[in-house]
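Q: Take this sequence and fold it.
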Amino acid sequence: MDEQKVKIEDNPFYDLFPSREKAQLFSIITNEQKNEDDNVSMENTDEYGANRLLEIIFLMTTNKDFAQTKKSSDYTECVIFIGDETNEQEFMLLENLENMLTERLMLKDPQSKIVCHSGKKSFGSSDDAVEKNPIVYLLACYNRCEFQKNEHPEYLSILDRGQASIVQHLALCFLNPDMFSHVTNAQKTFEQTLFHEFKEKWNTTRDPDFLMCLQGLTQLLAVESMKTLESFVLSVCNSLAKSIASPEVLMTDPNVMSCLNVILLLSNVEEISKIMLKFEYKGRIDAIIPSGFTTILGLVLCKSSLVTDSSSKNHPFFSNMSNVRQSVVDDEEILLHNALDVFHSKLSAIFLNITRIKSTKEIFLSWIGNVFKQNADVGKLWLHQRANPMRSMFSSDGVFFNLSSVFIRLAQPFCITDQPNKNTKFLKIDPTYCLATNQEDRHLRGVHIQDLHKETCLTKPEESEEAKPNQTLSNMYGFVSECFFIAHYSLHLGVHGLLVKFYRLNRELSQLQNAFQEIQMQGLNPDDDPVLKETFERAMSVYLSTKSTLSESTLLGTCMRFHATTASFLNHVACSDDRSKVVGVTFPLLEPASPSLQALPEFLVENVKDYMLFLKRFSPSFLEQNEVYLSTILDMCTIYMGNKSRMYNPHLRASLAEVLESILPLEEDNIQTLYKQTTFQEFKHVEPLTDAVVQLFVDIEFTGDPDDFENKANGRRPLYPILKFLWKTKRGKQAIKNSAIFATGNIDSSSPPLLLQFVNLFLNDSIYLLDEAVKYLTQIKQMEHEKDDGQWQDLPPREKKEKESFLSQIIKIARYHCVMSNETMDLLSYMTEAIEFVNLLCQPSLIDRVASMLNSFLLRLVGPEMGKLKIRDFSNCEFKPKELVLGICQVYIHVGVHNDFPNAVAKDERSYRSDLFPRAMRVMGRFDHSDICFALGKLSDRMQESEASTAAEEEMYKDAPDEFFDPLLGTLMKEPVILPSSRITIDRTTIARHLLSDTTDPFNRQPLKLEDVIPDVELADRIRSWVSNDH
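A: Model (predicted):
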């Protein structure tokens, strides 16, 4: 130890260290490096060659006359003379390199020591040689040393020793900046210089050896003083934050790219990364930055390709787009896509580096958990529904969109591929993860996100259970689970609300375009209205930037795999609790459902739905190109859409119908749906899918207000084309036939069969939709008449404009009801082709309703008052009376094969007329439907026979006792029953029909089941006796 002290104190630079301990530490580090190199010297190497390399690398020499040697032409042009002029050495000695390098760094005037050779200028210039900044000089030496490793591998040990010495002296600069008195404000200068080198060198070269230099420097600084290392890293972070914090710095700004490059470099070094992740910027920031995003990564994530600042006109994409060619818009979209892909690629590389190291991953994921908690409110849908998307989107939309995109990229290794059974890593996703976010020891379990247990889950526990399922939590949750749920929650906080505003913006832009067209039709120039023009320009910028952001090709591809993986995960959980192997989907599903579904949030399904519906509207070709993933999502729809035990929320299940609509090849003879057709042809579960669609049709009835027919009809809208498609498939049609046979055979069951419930609700919808359509068409007819009659001409401009607006609104509402009426009649027309379905319709509880409904429809369309529906332009409302009459007539003909149907039609006193069918035949005759006319003629003859029979029967029964008649319909009862609570006697058919829609006693609203009614045997006998004996 004493010997070591002597050596330290004999060092000529000993007095320059601030303390003896620091000098000793530096000596120990240096000696350790020497020992590691086994006392490398130049004794066993070419002294001349080694000396030449050292001169080239360090641009210094110990021999002023060395230029006169025979190989001087291979040397750098200028070097600095180091040493004693009275005692020159022919060669630089490796063991003296540390002292020489220290002396070189301490030179206040390197120019005075320069020695220029006459040789070739190969590796340096006088500017390099006389560089005064130690950091610049040392990093240049490091680069030259690395270059020589490739050129002269035979000197590798010497070059390694040289690089080690360089790194040691870099550490010396930061540990003892006061040694370099010739450098103004040395510590700050050194920090800024190294930051500049990060930005410039790493930004352009990505030299891995520069990374090794930084890693070595970090290790040395960490050994000596973490405070020094922290000061350096925080200085770099602060400089980065200053360069990008301003809202004027956009995503495409070079500063942002440079910042990402520096962060990428720093994220490779554990100790630096830990400090960087804890950094909080204290400078001035934009008020719209979401809470918690003042870290360096947070500030970067705030840079978005969306328009998120309503007050700023500064945006890199889609400015002044109202009057440009589509090619210009396309070019702008390509620029945005390229910029966004690069941006997310860099962020992904950074996140990957951070999550590979346990210590940095812990800090990073904890930060994400905190920002999720601080910004949880942005997931509330009403915030987005009330927003004004004409000016901008939310800043949180951009932040969480970026975060979701990056984590979806990180999730790709455990996502399924185009061979779904090959990658089973998704089984590592733990379905109980969200429950663990409520645990106090969640960090010990590897869980960093909080409060996901509060989210609405797919199923609810039974009333006898606790509020949340009592499931066994895992001791440890891996990164696969955390990555999966972070990605989904980011989508929930960012993209879900963004799409709500985007779709609304799409509608409002359409209205703006109509306003432009109206101005042009009046012979005016829309550009003369600066407010309207500015509003339109801004809205177009917001719209195009949002659409392009969401449709970036890499994003679409990674999202497709991610959401297909989500579907595979959900399918597996629905079928099995075994996570050791993939379990195929089989039907019928086992009951009870897995309790794991009580722990999975609904936003998993909502995110899949959001993605699929966006593709359907804005990138349908992409769906076709990725048909390999559609079967998995098709399975998900089949499992969950009609299964309340696996998805409680009927609104969420209804949304899956829209997803299904996007997957199925509903358009006939369309080459663009070829791949979808192939997918469905290979689909194994057509029958369960058909049952699920019918079940969903029924379940929608129990959503919201019982009297809210319009929302229910709207929820059923996508089911009509789906049912039509399934009917055209052999297996789908057979599934409906089998359901009809079962329903007919169990018509009086205490639990109404599924297809019986479907028919009942379908008839309700049909009546409601056509009634509403007729009401609005009549209103339109009247308003058009007033307008044509000149009654609007003298109105004040404001009142006239209000009437025009109201007429447009009524036309839109009428269009919806007409379209839906067409759908319902089309469904009834093709389903009644099957005798099994006809037999169900002609059951006593249904047949009278079917007959009266058809009579009412036909009377309105061909009866004396059909002129009230003749509006100016049928196409404006999608009103197709010819197709409607044709469909109704086809249903009459199909159902007319049943013997009881003509009588049911004829006894409908409200709508049936003896001339009803002849009127319909005249209409069909005009459109060359002779086959329909012929069949209607035959059916009309049967109706007249039934009408005569009905009249005779009514005459026969008019003197019957009042107690023989049904209290609701006024018809003679055939099977009287007593209702248990009200004790009212009613015909069984009547109460059975009532209970299909309302499970209460119609006289006192008490709960009632068909199995509870009491047959009134005594009254039934009296009725039969009266009929047979007296009449």
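Q: what residue ranges in the stretch 551-700 of the chain score low on pLDDT?
A: 668-676 (pLDDT under 70).
Q: can you pull out the helices in it?
A: Under the criterion DSSP state H, counting those that start in this stretch, helices of the stretch 551-700 of the chain are mapped to 553-575, 603-618, 620-625, 630-640, 650-663, 674-681, 686-699.
Q: List the buried residues in the longest one.
A: Of all the residues in helix 553-575, those buried under the rule 16 or more other C-beta atoms under 10 Å are 555-556, 558-575. From N, CA and C alone the C-beta is placed, and that goes for glycine too.
Q: quick one on the thing from earlier: switch the helices of the stretch 551-700 of the chain over to JSON lines; also include distance to Leu53.
A: Listed next are the helices of the stretch 551-700 of the chain as JSON lines, based on distance: least, C-beta to C-beta, whole Å:
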{"stretch": "helix 553-575", "distance to Leu53": "45"}
{"stretch": "helix 603-618", "distance to Leu53": "58"}
{"stretch": "helix 620-625", "distance to Leu53": "56"}
{"stretch": "helix 630-640", "distance to Leu53": "61"}
{"stretch": "helix 650-663", "distance to Leu53": "66"}
{"stretch": "helix 674-681", "distance to Leu53": "63"}
{"stretch": "helix 686-699", "distance to Leu53": "74"}
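Q: and these, which is most packed in?
A: helix 630-640 (a mean of 24; mean count of other C-beta atoms under 10 Å).
Q: who does that one touch, helix- and strand-wise?
A: The contact analysis (3 or more C-beta pairs under 8 Å, 6 or more residues apart in numbering; DSSP states H and E) places helix 630-640 against helix 553-575, helix 603-618, helix 650-663, helix 674-681, helix 686-699.
Q: closest to Gln522 out of the ones you listed?
A: Smallest distance to Gln522 across the helices and strands packed on helix 630-640 (C-beta to C-beta): 32.2 Å, for helix 603-618.
Q: just checking, what packs against that closest one?
A: Counting contacts by 3+ C-beta pairs under 8 Å, 6+ apart, helix 603-618 packs against helix 479-493, helix 495-521, helix 530-550, helix 553-575, helix 620-625, helix 630-640, helix 650-663.
Q: May I have it as CSV, with CA atoms only?
A: Written as CSV, here are the backbone C-alpha positions of helix 603-618 (Å, rounded to 0.1, in the frame of the first residue of the first chain):
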residue,chain,number,x,y,z
PHE,A,603,-62.8,-2.8,-23.7
LEU,A,604,-60.9,-5.8,-25.1
VAL,A,605,-63.9,-6.5,-27.3
GLU,A,606,-64.6,-2.8,-27.9
ASN,A,607,-61.1,-2.4,-29.3
VAL,A,608,-61.5,-5.3,-31.7
LYS,A,609,-64.9,-3.9,-32.8
ASP,A,610,-63.4,-0.4,-33.3
TYR,A,611,-60.6,-1.7,-35.4
MET,A,612,-62.8,-3.9,-37.6
LEU,A,613,-65.4,-1.2,-38.2
PHE,A,614,-62.8,1.3,-39.1
LEU,A,615,-61.4,-1.1,-41.7
LYS,A,616,-64.9,-1.8,-43.0
ARG,A,617,-65.5,1.9,-43.7
PHE,A,618,-62.1,3.2,-44.7
